[in-house]
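Peer 1: got a predicted structure plus its sequence, pasted below:
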Amino acid sequence: MNTKQMKHLMTDFKRYAFVLLAVSVFLYIGMLVPAKGGEPGDIQEYAMMGTTGLFLIGAFYCFKRSLAYKKRLDEQDQA
């Protein structure tokens, strides 16, 4: 894999991570705002919290992949 492809992959994973992080923040804020007529502990709340957790896990994975490509680029530049 050449340097240009790795640089693109690094930026792509970083963008994916920021998007997933932003969506998870919006979902979490949606959890804090009380729903009209909804009972506490509805299945909808559990689904939103699960989705928020999955998006956060995905964001951390994408950040980790981005850092891995950055390290590879740094190693190639030093060599």
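Peer 2: Structure's in. What do you need?
Peer 1: show the pLDDT at the spatially most central residue of the chain.
Peer 2: Taking CA atoms, centre = their mean, the centroid of the chain lies closest to Ala59, which sits 1.9 Å from it. At Ala59, the pLDDT value in this model is 97.
Peer 1: Ala79 too?
Peer 2: The model's pLDDT for Ala79 equals 72.
Peer 1: ok, now how distant is it from Met48?
Peer 2: Between Ala79 and Met48 the computed distance is 47 Å (CB to CB, to the nearest Å). All C-beta atoms are positioned from the backbone trio N, CA, C, and that covers glycine.
Peer 1: do the same with Val25
Peer 2: 12 Å.
Peer 1: can you check Met1 too?
Peer 2: Going from Met1 to Met48 by CB to CB gives 38 Å.
Peer 1: between the two, which is the more surrounded one?
Peer 2: The neighbour count for Met1 versus Met48, taken as other CB atoms under 10 Å, is higher for Met48 (15 against 9).
Peer 1: so the more buried one is in contact with Leu32, correct?
Peer 2: No: when contacts are counted by CB atoms under 8 Å, Met48 is not listed as touching Leu32 (10.5 Å).
Peer 1: so where do the helices sit in this structure?
Peer 2: With DSSP state H as the criterion, the chain has helices at 3-32, 43-78.
Peer 1: just checking, what packs against the first one?
Peer 2: Which is helix 3-32. Counting contacts by 3 or more CB pairs under 8 Å, 6 or more residues apart in numbering; DSSP states H and E, helix 3-32 is packed against helix 43-78.
Peer 1: and the angle from the helix it packs on to helix 3-32?
Peer 2: Angle between the axes of helix 43-78 and helix 3-32 is 160 degrees (criterion: axes from the mean of the first three to the mean of the last three CA atoms, to 10 degrees).
Peer 1: buried set for helix 43-78?
Peer 2: Of all the residues in helix 43-78, those buried under the rule 16 or more other CB atoms under 10 Å are Thr52, Phe55, Leu56, Gly58, Ala59, Cys62, Phe63, Arg65, Ser66, Tyr69, Lys70.
Peer 1: for it, name the packing helices and strands.
Peer 2: Applying 3+ CB pairs under 8 Å, 6+ apart, one finds that helix 43-78 contacts helix 3-32.
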